[in-house]
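Peer 1: Starting from these lines, generate the structure:
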Amino acid sequence: MNKTVLIIDTDKTMMDLMKSTLEFQDFSVIAITDPAKAKKTIKSEAVDIVIADIMISNVDMIKFAKAIRKKCPVIMTGIKDLLSNERRSLFCENIPFLQKPLSPNTLSDKVRELVS
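Peer 2: Residues are numbered from 1 along each chain as shown. I've put the predicted structure just below:
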């Protein structure tokens, strides 16, 4: 498919699962734990879509997603139910949210949908 996915997640196990799922589907994957490094990567690499965990400490990940959405589609993930203001914010920006644990099929289907 030759599309590049950037994954931002501090949970190494979850990041490895998403990475292997997407690589199996012929995506090129960059996996990063630090949002600051991710911003630099987005500026310097050709990234087609970003998958970011909503629960990264000390970072407003919804604000982060809104900012990078100007360059490419974003999927937010998380292990919690969203608060109503978080849900409203993602909905208004048309940013999909996938609750963890992620189904490999759901993940790859959503990524394919957004990069096609």
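
Peer 1: what helices or strands is the helix or strand where residue 113 lies leaning on?
Peer 2: If you go by DSSP states H and E, residue 113 is part of helix 104-115. When contacts are defined as 3 or more Cβ pairs under 8 Å, 6 or more residues apart in numbering; DSSP states H and E, helix 104-115 packs onto helix 12-24, strand 49-53, strand 74-78, strand 97-99. C-betas here are computed from N, CA, C, even on glycine.

Peer 1: at 6 Å instead, please
Peer 2: Judged by 3 or more Cβ pairs under 6 Å, 6 or more residues apart in numbering; DSSP states H and E, the packing partners of helix 104-115 are strand 49-53.

Peer 1: How about residues contacting the strand it packs on?
Peer 2: 5-9, 61, 68, 72-77, 111, 114-115 (Cβ atoms under 6 Å, 6 or more residues apart in numbering).

Peer 1: Taking the chain centroid, which residue in this protein is the extreme one?
Peer 2: Most distant from the centre of the chain: residue 84, at 20.2 Å, with distances by Cα atoms, centre = their mean.
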